[in-house]
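Participant: My questions concern the predicted model and sequence given below.
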Amino acid sequence: MINRREFIEGVAGGIAMTRWGAAASYALDAGAAAGEPQPQKSWIDNGLIDAGGSHEPLIFVTRRGGQSVDARRMIEYQQSEEVIRQLHDQGVEVFHTHLYKGFGMATEKSEMEDTVRTAQIVHRLGMKIDTYIQWSSMMYETFFAEEPRASGWVQRDASGQPIMLWYAYQQSFRYIPCFSNQEYLDYLKKVVQFAVEEVKTDFIHFDNFGQDAEPYSCHCDNCRNGFRAYLRTRYSPEQRKDRFGFENVDYVNPPLWNTQNPPDQLDIIEDPGIQEWIDFRCQTLANALNQMVDLIRASRRDVVVEVNCGGITGDNTPWTRGTDRARILKLTRSFWDESDQHPEYLPDGRLITAIRTYKAARVYRNVALLNTSDNESAIAECLAFNQTIGFAGVIPLTSEMVKYISFYRRNRDLYVGSSDVASAAVFRSYPSITYHFSKAALSAILAEQALIQARIPFTLILDEDLSRLSPVSCKVLILPDSECMSDEQLVAVGKYVEAGGGLIVTGRAGLYDSWRRSRVIPGLAELVGWHAARTTQSTQQLAPDSLIRNEVGRGRVAYIPELVFEGPLPAFDVYFTIGTNFLKRPKNWEELVDAVDWAARSDLAMRVTGPDFLGANLVEQPERRRRLIHLVNYNASKTPLIENIEIRCRVPQGYSARNVSLYWPASENPVRLQFQMQGTEAAFSIPKMSSYCIAVVNW
């Protein structure tokens, strides 16, 4: 079975507040949630089952080359009522198809009007329409003929040459538009307006949402002048002098590169100019998307906006793509991850999962879309951690996907309105990970891997939400080599601990401020219980080299000198990427897991006993008075049956579990499980499971 991207590239060649104390999700105090501002309640809150169809118009298939002689017939078939009805009958609720590829609206007019007719069929069948709009491509050969001014709308490198969106080295006709250019954004708004008003779309998919890595960043006048204006607006004269050593930024340029200074070899980014340029690129993309979202919401607030920006797959995306999830996902309700790393358990102990991507989505009330259709573990993982089907595939759907769609629709009430329960939060610090990816990002990956394989329910927390973290429902905060922390964040962490939160500090956390300037006294020294002052030694040399545990206020703090990678570290490669070869528990994972349990005072929301390849996720539906444990077998191909899984699930203080039920795809009806209350925990056993099941604890 081919995946979505492979198919579309080759389509022409063939066929209520409770005692838990948290209002939103897990750990934030009542008030603004992580993804604010968010659109009002939308149809996607009831789940997403999306499938297609091709999103490639005939003009692109023809210009790209290599198509079949019957390409027109195939593309027409992919938008036909026959295909749409077949998907509808299989349980698909949203139909994905093409709208605009980047050749220009006049050039693509006839095929855009085809999509209008397709949308009418989709709506007549009671489905939603998902329309594809190309974000980062301008097919200049036709676009320039339609709009002569557009030659000034493309991104240009430091030499003035157009920057291309490359695919297989044979698509040099695809220029990347400049997102600092308001004239281009105004043109793109016309496409969006057509989608909303003429197609009457329900869902907009912006493809290729990102930019090229250095040295192929835009140096046009709009970007160069915009960068300087950004610095003037962001900082006062005094702050600019503190940042750069001088106040006047009229001659500051985007960074330049040459053979002796290749950007792909950078490990630690200390240059304030490069740091600010990364931030400017991220903010530029977010601002451009915000303009499109504002336009859409002004017309119809129920239209879902989705971007293909990728998930958490081991890339330093602010540096390499100019994308920062914290700015993007608060504007969207869905995003694509095309990494195609199917989940599996490997003999060397590596567990490959997409859990991080799904957790990022849940933090921002998004639905993550991945290619899961040809892998049952992937479908099960998506249901367990994404709480919906997401992207079901392309026609024809796999038998596994049809089975899971049927199960999901029969038991939709188990998913809709659920919120993640987290005993721990892993801090993903933007400056730490962006400026020292090989250390801070790897430490975050290792910490998360230990929690995943220990089945400790956790969430991800980003910079802007640290001050709202509450120990009422999230017991432990983990700072995995979070080197760069602001004074405000250090204060917030201190308050969290004083209020009773548990804190795990690893390695170099807190040694720098948010600009990566080394602190005279490490920022977390007092909490850790280490009061040595810096003298002639560097801050790095002063980090403790042994385990420390400390009581602070009502909280507990544990320090671990390093999360140690098991085995030799893979070699540093260009644009260092944390691939699947890194996805194993750290050598000292037991130290971390034990520290989490100690810092939480053994008050974890869930404990699951099973093999290393068993995954677990805990969610709750407070208004229904139940918690749900989703279990996934990541080794189903080699171990199709897991037996005698022991589970302990905490229920609210003062309540007892009323019953425990088990659901799984192969059965039409749930079965009741025997359980015992042990304090505030319901203890029970699942006799056996295959790929996926849900244990529901009602109180």
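Facilitator: That came through, no problem. Source: prediction; values computed, not measured.
Participant: list the contacts for the closest residue in space to residue 313 that isn't next to it in sequence?
Facilitator: Spatial nearest neighbour of residue 313, excluding adjacent residues (CB to CB, 6 or more residues apart in numbering): residue 339 at 4.3 Å. Placement of C-beta: from N, CA and C, glycine included. Residues near residue 339 by CB atoms under 8 Å, 6 or more residues apart in numbering: 310, 311, 313, 354, 370.
Participant: Could you do residue 618 as well?
Facilitator: When the contact criterion is CB under 8 Å, 6+ apart, the partners of residue 618 are 420, 421, 457, 605, 606, 627, 628, 629, 630, 649.
Participant: try residue 235
Facilitator: Contact criterion CB under 8 Å, 6+ apart gives residue 243 as the residues in contact with residue 235.
Participant: Please name the nearest non-neighbouring residue to residue 81.
Facilitator: With CB to CB, 6+ apart, the residue lying closest to residue 81 is residue 121, at 5.0 Å.
Participant: isn't that neighbour right up against residue 87?
Facilitator: No - when contacts are counted by CB atoms under 8 Å, residue 121 is not listed as touching residue 87 (11.4 Å).
Participant: Between those two, which is the more surrounded one?
Facilitator: Set side by side, residue 121 and residue 87 show more neighbours around residue 87, with 28 against 18, by other CB atoms under 10 Å.
Participant: Any stretches of the protein with poor pLDDT?
Facilitator: Counting by pLDDT under 70, the ranges of the chain that qualify are 1-41, 168, 531-544.
Participant: Let's see that with 90 instead.
Facilitator: Within the chain, the ranges that satisfy pLDDT under 90 run 1-42, 53-55, 165-170, 339-342, 374, 473, 529-546, 567-576, 653-654.
Participant: quick check: longest helix of it.
Facilitator: With secondary structure taken from DSSP state H, the chain has its longest helix at helix 272-299.
Participant: Assign residue 492 to helix, strand or coil.
Facilitator: Classification of residue 492 using DSSP: H, G, I helix; E, B strand; the rest coil returns helix.
Participant: Surely it and residue 465 touch.
Facilitator: No - counting by CB under 8 Å, residue 492 stays clear of residue 465, with 9.6 Å between them.
Participant: So for these two, which residue has more residues nearby?
Facilitator: When residue 492 is set against residue 465 and neighbours are counted by other CB under 10 Å, the residue ahead is residue 465, at 22 against 18.
Participant: Am I right that that one falls within a strand?
Facilitator: No - Residue 465 sits outside any strand when classified using three-state DSSP, being helix.
Participant: Pull up the gap between it and residue 428, please.
Facilitator: Taking CB to CB, to the nearest Å as the measure, residue 465 and residue 428 are separated by 10 Å.
Participant: now do residue 470
Facilitator: Separation of residue 470 from residue 428 (CB to CB): 18 Å.
Participant: Spatially nearest residue to residue 579, not counting backbone neighbours?
Facilitator: On the basis of CB to CB, 6+ apart, the spatially nearest residue to residue 579 that is not a chain neighbour turns out to be residue 314, at 5.7 Å.
Participant: Double-check that that neighbour belongs to a helix.
Facilitator: No - if the criterion is three-state DSSP, then residue 314 is coil and not within a helix.
Participant: That one: what's it in contact with?
Facilitator: With CB under 8 Å, 6+ apart as the criterion, the residues that contact residue 314 are 441, 445, 577, 578, 579, 582.
Participant: what do you get for residue 144?
Facilitator: Taking CB under 8 Å, 6+ apart, we find residue 144 in contact with 150, 151.
Participant: any idea where the helices of the stretch 401-550 of the chain begin and end?
Facilitator: According to DSSP state H, counting those that start in this stretch, the stretch 401-550 of the chain carries its helices in the segments 430-435, 442-454, 487-498, 525-528.
Participant: in the third one, what's buried?
Facilitator: The neighbour-count criterion (16 or more other CB atoms under 10 Å) identifies 489, 490, 492, 493, 494, 496, 497 as the buried residues of helix 487-498.
Participant: Among the residues you listed, which one lies nearest to residue 180?
Facilitator: Residue 180 has its nearest neighbour among those in residue 489, at 30.0 Å by CB to CB.
Participant: Look up how far residue 330 lies from the residue nearest to the closest one when sequence neighbours are not counted.
Facilitator: Here the nearest residue to residue 489 in space, its sequence neighbours aside, is residue 466; by CB to CB, 6+ apart that works out to 5.2 Å. When CB to CB is the yardstick, residue 466 and residue 330 sit 16 Å from each other.
Participant: And residue 499, by the same measure?
Facilitator: As for residue 499, its distance to residue 330 is 26 Å (criterion: CB to CB).
Participant: Could you do residue 655 as well?
Facilitator: Using CB to CB, one obtains 34 Å as the distance from residue 655 to residue 330.
Participant: So which of these two has more stuff around it?
Facilitator: residue 330 (21 against 14).
Participant: From residue 570, how far off is the more buried one?
Facilitator: For residue 330, the distance to residue 570 (CB to CB) stands at 34 Å.
Participant: one step back: of all the contacts of residue 314, which comes closest to residue 222?
Facilitator: Within the contacts of residue 314, distances to residue 222 taken as CB to CB reach their minimum at residue 577, with 30.3 Å.
Participant: Touching, the closest one and residue 310? I think so.
Facilitator: No - under the criterion of CB under 8 Å, residue 577 is not in contact with residue 310, lying 11.9 Å apart.
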